[in-house]
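Chemist: I would like to see how this sequence folds:
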Amino acid sequence: MKLLKDTTFHTAVKNSFTYMVLSLALLIPFPMFFAILMDSNLVRAKGVIKGALYLPALTSVVISGTLFRLMFSELPTGQMNMVLQYLGKTPVPWLKEKGLAMTALITLCCWRWTGVNMLYFLSGLKSIDSTLYEAASIDGASSLNKFRYITIPLLKPTTVYVLTISVYAGLSMFLESYMLWAGNTSPKNIGLTIVGYLYKRGIEKNQMGYASAVGLILLLIALVINVAQLILNGSFKKEEK
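Modeler: From the prediction side, this is the model:
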């Protein structure tokens, strides 16, 4: 009951949910779009592009968080503020305002994981029989209809997998926030996540029982969301023989 009345915990849950929803909105459609481009004949130097998109995933979160902290610095010399000044805008305190801070977190998230999700979708596209597209072309189907009636349905297993791991990743995010603020103390807790609050209670304050309760709530939230989306996607339905 004490945890349910904890306003700091409520803030952490809200931040994690916001981060999860925004990451899902960006890290499913855009990687899918890039994968379709990589699978088509419209793009050259595919290996270079795939390598460039995947490379951020190989970068340590510590290094990535430090670089983005410098990029989103409130100083006029920060890269993002330099861009704003070039556009005629005034510098802003990126990591001290809630909306701007979430923008920085989501940008870091997309930079690191777009290439990974793109490869997941690309592997799913490779498993689709090309004769299906040939038959659709003979029947006069447009590219949009092929995408709607062939690509999307046959990519469903990959999409469900990416959605499932993205829900977990969104709710369990901690190190990115920790490195972006150089600690677990963001202004007014604008960067505090559920795992960050677990760390604060369990490690920083040595309240292991309270931290265990936070972890249990996190487990239940992730379980409910993933089971719900799996049910809605029909993953538990028996295949017709």
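Chemist: just the buried positions in the helix ranked longest in the chain, please.
Modeler: Scanning the chain for the longest helix, with DSSP state H as the assignment, gives helix 98-126. Buried residues in helix 98-126, defined by neighbour count with 16 or more other CB atoms under 10 Å: 100-102, 104-122, 124-125. Heads up, the C-betas are built off the backbone N, CA and C, glycines and all.
Chemist: so what does that helix touch, helix or strand wise?
Modeler: When contacts are defined as 3 or more CB pairs under 8 Å, 6 or more residues apart in numbering; DSSP states H and E, helix 98-126 packs onto helix 7-27, helix 29-39, helix 46-58, helix 61-71, helix 156-171, helix 175-180.
Chemist: that one: what's the following helix or strand?
Modeler: Next helix or strand after helix 98-126 toward the C-terminus (DSSP states H and E): helix 130-138.
Chemist: sketch out the low-pLDDT regions of this structure for me.
Modeler: Applying pLDDT under 70 to the chain flags the ranges 1, 238-241.
Chemist: cutoff 80 now
Modeler: Low-confidence segments of the chain (pLDDT under 80): 1, 41-42, 234-241.
Chemist: that older thread, the longest helix of the chain: how far from the chain's middle?
Modeler: How far helix 98-126 lies from its chain's middle: 5 Å, per CA atoms, centre = their mean, to the nearest Å.
Chemist: now do stretch 188-195
Modeler: 17 Å.
Chemist: same deal with stretch 77-91?
Modeler: 26 Å.
Chemist: was I right to think F121 contacts V162?
Modeler: Yes - with contact defined as CB atoms under 8 Å, F121 reaches V162; the gap is 7.2 Å.
Chemist: intersection of neighbour lists for these two?
Modeler: Common contacts of F121 and V162 (CB atoms under 8 Å, 6 or more residues apart in numbering): P31.
Chemist: buried residues in stretch 163-175, which are they?
Modeler: In stretch 163-175, counting by 16+ other CB under 10 Å, buried: 163-167, 169-175.
Chemist: now swap in stretch 123-137 and tell me
Modeler: 124-125, 136.
Chemist: same question, stretch 28-46
Modeler: By neighbour count on 16+ other CB under 10 Å, the buried set for stretch 28-46 is 28, 31-32, 34-36, 38-39.
Chemist: between those residues, which is nearest L230?
Modeler: I28 (15.3 Å; CB to CB).
Chemist: the closest one and V162 touch, don't they?
Modeler: Yes - assessed by CB under 8 Å, I28 is found in contact with V162 at 6.0 Å.
Chemist: tell me the residues that contact both of those two, please.
Modeler: N117.
Chemist: for G115, what are its contacts?
Modeler: By CB under 8 Å, 6+ apart, the neighbours of G115 are 31, 50, 52-57.
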